[in-house]
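K.L.:
Predicted model follows, preceded by the sequence.
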Amino acid sequence: MATPLVVLGEVRTCLLPSAVPLTRPEAVELLTTVPGRAVRWRERPGSLALSPTTAVGVDCALSLGADPVHIVGTVATRTVLAGGRVLQSSAHTRVVRATERRRQTWSHYVSQKGVTEIIDRIPERAKPAVALADSYLAGPTGRTTLDLASISERLLARVRADARLDQNPPLRAGSTRLRWTAGVGGSAGPSAKMRLDDATVRSIRVTVREEKDLAAAQRFCEDVAAHDWLLTALADAFDEADRFASHSRERTGILAPALEHLPGLWMPGAHTPAVLRTLWKDLQAEPGFTRQWSTLVTRLRDSIAVATLNTLRHKDFDPNW
């Protein structure tokens, strides 16, 4: 297989629509997408389930700066369930130069799961690895451009709608997107630069030292996406709760489930491959993942404690309680 110019990926993250976290047998049943291929499972330090990888065929354009190029191949997709609670759909493709300047039979592309080939001539002035990453992180430029967001969203929607889920999650939480790219930088790697594009979309650019480390980049980005979602879900819970008085039942009704179900899921880097685990040190410094999480959890506990004291005080002094 040719050396990839860049790896492009997308991770969608949400709360599993289930009242209780899934056990291992339940998670395996939900994520079994390919008969005869096992769901990968990890129990410690927190449970992690990875579905078998499937391929989605693509034949479209890919932005290369101002010069779109034609790609043909497949996008590799899988579903992830962390802690029996955090559900993710993950899609990625390795972009390579085609050995022939013509479209080949689909059997050729299907044999290379998660690989797309550029069959156009790449402009000499372009630095393709950089241009491909920059263009992808900027977002799709048209309906005919590779859209990993739509591929991962369809996969997530399909799993969320599964009849085995009761559609009764313990708290309200939205979904987030993480767009990521990975490339080989030799002695310059490993490194990761993350950006918050808006309230729900994030971007991260990963550089690894060797081509063999590119597979680890996907797992690292899924891990980052899960913890970014936890931060976002907790911050959103406060935004909703702050609409009510500190002693109100509505406020406690929003914050108490968050305290019960989310803190135990926080374990950054626990499921990141060892070769890229050092990247978490940079994320702990900027944007400061654990620092922000610790602040939010402390505020969460304090808010519930204050609400409880106010409730007890009200009960003591109200003869009609």
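P.N.:
It's in. Numbering: from 1, shown residues only.
K.L.:
tell me the domain ranges of the protein?
P.N.:
6-223, 231-317 (automatic domain parsing).
K.L.:
Low-confidence ranges, this structure, go.
P.N.:
By pLDDT under 70, the weakly predicted segments of the chain are 1, 34, 36, 124-126, 140-143, 314-321.
K.L.:
any idea which strand is longest in it?
P.N.:
strand 69-82 (DSSP state E).
K.L.:
Name the residues of it that come out as buried.
P.N.:
Buried residues in strand 69-82, counted by 16 or more other CB atoms under 10 Å: 69, 71-82. Placement of C-beta: from N, CA and C, glycine included.
K.L.:
Stretch 251-260 now?
P.N.:
Arg251, Thr252, Ile254, Leu255, Ala256, Pro257, Ala258, Leu259.
K.L.:
ok, of those residues, which one's closest to Thr176?
P.N.:
Minimum distance to Thr176 across the buried residues of stretch 251-260 is 15.9 Å, recorded for Ala258 (CB to CB).
K.L.:
Now do the strands in the stretch 151-300 of the chain.
P.N.:
For the stretch 151-300 of the chain, the strands defined by DSSP state E, counting those that start in this stretch occupy 176-184, 191-196, 201-208.
K.L.:
how big is the angle separating the shortest one from strand 201-208?
P.N.:
Using axes from the mean of the first three to the mean of the last three CA atoms, to 10 degrees, the direction of strand 191-196 lies 170 degrees away from that of strand 201-208.
K.L.:
for the longest one, same thing?
P.N.:
Taking the same axes, to 10 degrees, one finds that strand 176-184 is oriented at 20 degrees with respect to strand 201-208.
K.L.:
For Gly183, state which of the buried residues of stretch 251-260 is nearest.
P.N.:
Of the buried residues of stretch 251-260, the one sitting nearest to Gly183 (CB to CB) turns out to be Ala258, at 37.2 Å.
K.L.:
How about the contacts made by the closest one?
P.N.:
Neighbour list for Ala258: Leu171, Ala233, Leu234, Ala237, Leu300 [criterion: CB atoms under 8 Å, 6 or more residues apart in numbering].
K.L.:
my read: Gln292 touches Leu231, true?
P.N.:
Yes: using CB atoms under 8 Å, Gln292 is in contact with Leu231, at 6.0 Å.
K.L.:
of the two, who's got more company?
P.N.:
Leu231 (18 against 13; other CB atoms under 10 Å).
K.L.:
ok, now how distant is that one from Pro287?
P.N.:
9 Å (CB to CB, to the nearest Å).
K.L.:
Run a quick neighbour tally on Arg102.
P.N.:
7.
K.L.:
and it, that's in a helix?
P.N.:
No: counting by DSSP: H, G, I helix; E, B strand; the rest coil, one finds Arg102 to be coil, located in no helix.
K.L.:
I'd guessed it sits against Arg121; true?
P.N.:
No: contact criterion CB under 8 Å: Arg102 and Arg121 do not qualify, at 11.9 Å.
K.L.:
any idea which of the buried residues of strand 69-82 is closest to Phe220?
P.N.:
Looking across the buried residues of strand 69-82 and measuring by CB to CB, the closest to Phe220 is Val80, at 12.5 Å.
K.L.:
Cool, thanks, signing off.
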